[in-house]
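Visitor: Just to be clear, the model below is a prediction. Sequence and coordinates:
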Amino acid sequence: MKLKSEILSLPSMATSETVKPYNDNDADKKQQVADMFDNISGTYDFLNHFLSLGIDIIWRKKAIRTLKASQPQYLLDVATGTGDFALEALRMLNPRKIIGVDISQGMLDVAKEKITKKNLGDRFEVVLGDSENLPFAADTFDAVTVAFGVRNFENLEKGLADICRVLKPGGKAVILEFSKPKRFPVKQLYHFYFNHITPRIGKVFSKDHRAYSYLPESVAQFPDGQRFTDILHRVGFSQTECRPQTFGICTLYIGTK
């Protein structure tokens with residue numbers, strides 16, 4: 001696998017509708033997202049599982065199981081964060097190599113601690129990089145995974161197109177992302193929890209309370225369901241699937257190159 005000699009910076013393609021973590025900051029969304037995850041990296045794993053009541057672990061395992069039949073050997077985990085999803089993929093799929101890429105050095109530092117503790121340095125490598133301009137050659141990976149990261153892309157189509165580019169022909173992209181429930185009373189309960197409970201819990205346990213106000217805002221703006229699969233088709237995926245999870249709180253998307 002070859003890294004590009006350098007990660008080129010992309011011009012900001014944010015629009016007036018783009019939700020950013022910090023409204024009083026002039027930095028582009030990409031830089032704000034990096035700063036936000038640097039700030040919350042120490043409490044991220046705990047809050048992630050606590051706020052989802054542990055259901056996120058079930059979602060991740062379901063996503064990984066969709067790749068079992070194809071037995072991918074070289075995987076890329078985009079927006080890898082602290083590495084939990086990639087570590088679970090290593091356990092369940094037993095590939096030769098996983099590379100995780102993330103824009104936040106703070107999150108990667110946590111991932112590196114886990115890799116060292118588990119003695120997995122020869123099979124799991126993390127790279128600081130831009131998820132919308134991946135530092136890898138085309139047709140490199142058997143599969144690409146993203147867990148709760150695509151809504152943070154500054155330019156969604158650019159990021160998905162680059163994921164498609166680095167996949168081998170026939171390779172799969174497996175993407176987990178929060179979505180918006182449609183049915184009563186889940187819709188109402190979901191909105192109350194996300195908009196009122198989540199930010200308050202985040203404020204108590206995290207030094208960056210704005211991160212957990214940004215979460216429901218970014219989910220509300222995200223083009224979920226059919227709109228997302230339409231984008232996958234538009235950027236080059238020949239086949240797509242959309243599988244809502246837990247009453248539509250989360251959705252599993254699968255795109256085949």
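Guide: Structure received. Residues are numbered from 1 along each chain as shown.
Visitor: ok, and the closest non-adjacent residue to residue 234?
Guide: residue 157 (7.0 Å; C-beta to C-beta, 6 or more residues apart in numbering). To be clear about C-beta, it is placed using only N, CA and C from the backbone, and glycine gets the same treatment.
Visitor: Give the residue spans of this protein that score low on pLDDT.
Guide: Where the chain drops to pLDDT under 70, the residues are 1-17, 24.
Visitor: Does anything pack onto whichever helix or strand the residue nearest to residue 234 is part of? Which helices or strands?
Guide: Using DSSP states H and E, residue 157 sits within helix 156-166. When contacts are defined as 3 or more C-beta pairs under 8 Å, 6 or more residues apart in numbering; DSSP states H and E, helix 156-166 sits against strand 74-78, strand 141-147, strand 167-178, helix 226-234.
Visitor: coming back round to it: how near is the residue nearest to residue 234 to residue 233?
Guide: Separation of residue 157 from residue 233 (C-beta to C-beta, to the nearest Å) stands at 11 Å.
Visitor: Residue 140: neighbouring residues, count only.
Guide: Residue 140 is flanked by 18 other residues according to other C-beta atoms under 10 Å.
Visitor: Tell me where the stretch 1-150 of the chain has helices.
Guide: 29-40, 44-51, 55-65, 84-93, 105-117 (DSSP state H, counting those that start in this stretch).
Visitor: what's the angle between the third one and strand 167-178?
Guide: Using axes from the mean of the first three to the mean of the last three C-alpha atoms, to 10 degrees, the inter-axis angle of helix 55-65 relative to strand 167-178 is 160 degrees.
Visitor: In helix 55-65, which residues are buried?
Guide: Under the neighbour-count criterion of 16 or more other C-beta atoms under 10 Å, helix 55-65 has 56, 59-60, 63-64 buried.
Visitor: what sits opposite residue 254 in the beta ladder?
Guide: Here residue 254 sits in beta bridges with residue 174, residue 241, going by DSSP bridges.
Visitor: Could you pull up the residues touching it?
Guide: By C-beta atoms under 8 Å, 6 or more residues apart in numbering, residue 254 lies in contact with 66, 172-175, 240-241, 243.
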